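[1] Whatever this is, show me its structure:
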Amino acid sequence: MLIDEVEITVRAGNGGAGCVSFMRAKYVPRGGPDGGDGGNGGDVWIEGVSDIGALHHFRFQKEFAAPDGQPGSGAKKSGKAGQDLLLKVPVGSVFSDEQGVLLEIVRVGQPFLLAKGGKGGQGNWHFRTSINQAPRFAEPGGKGEVKHLKIELKLIADVGLVGLPNAGKTSLLNELTAASAKVANYPFTTLEPNLGVMGDLILADIPGLITGAAEGKGLGDKFLRHIQRTKILVHCLSAESTNPVGDYQIIRQELDKFSPELLAKKEILLLTKTDLLNELKIKATIKILRKLNQNTLAVSVYDLDSLKALQKLVLTV
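    Next up is the predicted model:
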C-alpha cells in the first residue's frame, strides 16, 4: 500500500549544559575556573530518495528526535555534540505546518535542514573577569527546535494517465514501460498510482476517476494531487464506452473541481482497447474526438504500431 500522506513531529536535540568547575592541581592552591562547554544538540535533516514508498517508514512511528548534546566537564573539556538525524522521504514530498507549505523535495539527494539543534551552553571558564575571577555559574544548553509537520507526496512524473475505471490505463503503462502493475477486468483494479519509465520520461497511472472524485467519491480525490506536477495528461477513453465524449467531459469536470490549473496542461486523447472495435467504428469515434482535441489517437496494447505512434506523440506534443 502506498503511503502518501503522514503527520509527524520532529525534535532537534537540546544543547548540553556548560560546566561549573575549578582547577584542582598540586602546587596550584587557587586554580581558576575551567568548566567546559556543553555540546550542541543534533540537527534533523531530510533527504530526497527515488523510492516512492519511503513514507512507509512514517506509518507507525510518528515522533523522531535527534540526540541531545552532552554537558561540559572540568579541564575545559567540551561535551560531545548530539549526532544529526537524517530522514529520507520520496522525491515529490511537500512539508507543511499550520502556517502553510515549508518546502518541497524535488531532487534525489537534496538535503534540507528541518530542525536546528540547541547550542551548547558555555562553561564558567568563559565568564571569568578581573572583578569576578571565580564565577560559579555557567550557561544552560539551548532548546532544540520542535516541529509538527504534515508530509504529502506529489509524484514527480512527466506524463499522467487519467480516465474512468477500466479505461485501460494500467495495461497501457505496462506496455509502454517496464512496469508490471496489476491488471484485471473490474473497476478500481488500480488502488494506488503506478509508475513506469519510457525513455527519459516518467509515466504515472492514476486510479480511475468517477463523477464526484474531487469531493471524495471513489479514489480520485486521494490521488488527483499526483498529477499536479505532470507536464502532459493522457486521457484514456475506452472503446467499450457508449459515450467516450461524455467520459472525457466527466474527467475534465473533476480535474477542474480539484484544480483548474490541471486543465491548462498539455493533453492527449486516447481511444483505448480498439481491438474490440471494427475499423469503421474506430474512425468514426476518432473523428468525433478530434473535434475536442487534435492530439487524438486510437491505441491497442496488441497493436505495436499504435503504441509507437503514441510514444512519438508524447515526445512532440
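[2] Now do the helices in this structure.
    Counting by DSSP state H, one finds helices in the chain at the ranges 169-176, 220-223, 244-258, 279-289, 304-316.
[3] would TSV of those with mean pLDDT, distance to Trp125 and mean neighbour count be doable?
    For every residue, glycine as well, the C-beta is placed using N, CA and C. Listed next are the helices of the chain as TSV, based on pLDDT from 0 to 100; distance: least, Cβ to Cβ, whole Å; neighbours: other Cβ atoms under 10 Å:
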stretch	mean pLDDT	distance to Trp125	mean neighbour count
helix 169-176	86	66	24
helix 220-223	58	58	20
helix 244-258	89	61	18
helix 279-289	92	80	14
helix 304-316	91	67	14
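[4] The ones you listed: which one's closest to Leu203?
    Nearest to Leu203, of all the helices of the chain, is helix 169-176, at 5.8 Å by Cβ to Cβ.
[5] Can you tell me which helices and strands that closest one packs against?
    strand 159-163, strand 194-198, strand 201-205, strand 266-272, helix 304-316 (3 or more Cβ pairs under 8 Å, 6 or more residues apart in numbering; DSSP states H and E).
[6] try 10 Å
    With contacts taken as 3 or more Cβ pairs under 10 Å, 6 or more residues apart in numbering; DSSP states H and E, helix 169-176 sits against strand 159-163, strand 194-198, strand 201-205, strand 232-238, strand 266-272, helix 304-316.
[7] how much does it deviate in direction from strand 201-205?
    150 degrees (axes from the mean of the first three to the mean of the last three Cα atoms, to 10 degrees).
[8] starting at the chain centroid, how far to helix 169-176?
    Here the centre of helix 169-176 is set off from its chain's centre by 24 Å, with Cα atoms, centre = their mean, to the nearest Å.
[9] Also stretch 240-252?
    31 Å.
[10] The helices and strands packed on helix 169-176 into a markdown table, with extra columns for distance to Asn293?
    Formatted as a markdown table, those follow (distance: least, Cβ to Cβ, whole Å):
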| stretch | distance to Asn293 |
| --- | --- |
| strand 159-163 | 14 |
| strand 194-198 | 21 |
| strand 201-205 | 19 |
| strand 232-238 | 8 |
| strand 266-272 | 5 |
| helix 304-316 | 11 |
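[11] quick one, which of those is nearest to Gln83?
    strand 194-198 (33.8 Å).
[12] Mind listing what's buried along the closest one?
    For strand 194-198, the neighbour count (16 or more other Cβ atoms under 10 Å) marks 194-196, 198 as buried.
[13] Buried residues, stretch 6-18. List them.
    6, 8, 10-18.
[14] In strands only, show me the residues you listed.
    Among the buried residues of stretch 6-18, the members falling in strands (DSSP state E) are 6, 8, 10-11.
[15] Hmm, which of these is lowest in pLDDT?
    Among those, Val6 carries the lowest pLDDT, at 93.
[16] Check whether that one really touches Leu153, as I assumed.
    Yes - here Val6 reaches Leu153: they are 8.9 Å apart, a contact under Cβ atoms under 10 Å.
[17] Identify the contacts common to those two.
    Applying Cβ atoms under 10 Å, 6 or more residues apart in numbering, one finds that Val6 and Leu153 are jointly contacted by 55, 89, 93.
[18] so what's Thr129 scoring on pLDDT?
    90.
[19] Make sure it is actually in contact with Pro135.
    Yes - the pair Thr129 / Pro135 is scored as a contact, 7.8 Å apart, by Cβ under 10 Å.
[20] Which of these two has more residues huddled nearby?
    Neighbours were counted for Thr129 and for Pro135 using other Cβ atoms under 10 Å; Pro135 has more, 18 against 7.
[21] For Glu261, see how far away the closest residue to Gly92 other than its chain neighbours is.
    Nearest residue to Gly92, sequence neighbours excluded (Cβ to Cβ, 6 or more residues apart in numbering): Ile156, at 4.4 Å. Distance of Ile156 to Glu261, computed by Cβ to Cβ, to the nearest Å: 16 Å.
[22] neighbour-wise, which of those two wins?
    Ile156 (24 against 10).
[23] List the contacts of the more buried one.
    If you count contacts by Cβ under 10 Å, 6+ apart, then Ile156 has 48, 50, 52, 90-93, 104-108, 195, 202, 204, 226, 228-230 around it.
[24] again, but for Ile232
    157-161, 201, 203, 265-268, 295, 313-315, 317.
[25] give me that answer again for 8 Å
    By Cβ atoms under 8 Å, 6 or more residues apart in numbering, Ile232 lies in contact with 158-160, 265-268, 314, 317.
[26] mind checking pLDDT for it?
    93.
[27] do Leu55 as well
    Looking at Leu55, its pLDDT reads 88.
[28] What are the neighbouring residues in contact with it?
    Neighbour list for Leu55: 3-6, 89-90, 93, 151, 153 [criterion: Cβ under 8 Å, 6+ apart].
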